[in-house]
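Q: need a structure here:
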Amino acid sequence: MEQAIRTKIESGLAPEHLEVINESHLHAGHQGSPGTGNSHFRLKIVAEAFAGKSRLERHRMVNELLADELAGELHALAIRAAAPDEGKP
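A: Residues are numbered from 1 along each chain as shown. Next comes the predicted model:
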């Protein structure tokens, strides 16, 4: 899952900075968590594609790239998205 997320974000947004953090272990046993170890991720992304976009637009861009994963075993996604002139999220 981590590699699929990384590949899609890199391909779709060409980020200058990308962190894909698997936080699934923090949610083990929680209601709605599938227990696969690939259900909860935090993304920190800096990309020129986010310049001039609202926070909502940025999140929609990421969610569209990861639509298949979100429809599958990816249960939760925390996104911090910034344009290059805003620094690292």
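
Q: how many neighbouring residues does Pro84 have?
A: Pro84 has 14 neighbouring residues, counting by other C-beta atoms under 10 Å. Glycine gets a C-beta too; all of them are placed from N, C-alpha and C.

Q: these two touch, right, it and Glu16?
A: Yes - in this structure, Pro84 is within contact of Glu16 by C-beta atoms under 8 Å, at 5.6 Å.

Q: overlap in contacts, these two.
A: 46-48 (C-beta atoms under 8 Å, 6 or more residues apart in numbering).

Q: wait, which of the residues you listed is closest to Asp68?
A: Using C-beta to C-beta, Ala47 comes nearest to Asp68 of the shared contacts of Pro84 and Glu16, at 20.2 Å.

Q: how far away is the closest one from Thr7?
A: With distances taken as C-beta to C-beta, to the nearest Å, Ala47 is found 15 Å from Thr7.

Q: so between the two, which is more surrounded?
A: Ala47 (23 against 11).

Q: buried stuff in stretch 75-84?
A: Of the residues in stretch 75-84, 75, 77, 79, 81-83 count as buried by neighbour count, 16 or more other C-beta atoms under 10 Å.

Q: restricting to C-alpha, output it in CSV.
A: Provided in CSV are the C-alpha atoms of stretch 75-84 (Å, rounded to 0.1, in the frame of the first residue of the first chain):
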residue,chain,number,x,y,z
HIS,A,75,-9.5,3.4,5.7
ALA,A,76,-8.1,6.8,6.7
LEU,A,77,-5.8,9.4,5.1
ALA,A,78,-4.4,12.5,6.9
ILE,A,79,-3.1,15.0,4.4
ARG,A,80,-0.8,18.0,4.9
ALA,A,81,-0.3,19.6,1.5
ALA,A,82,1.7,22.7,0.7
ALA,A,83,3.0,24.6,-2.3
PRO,A,84,6.8,25.1,-2.4
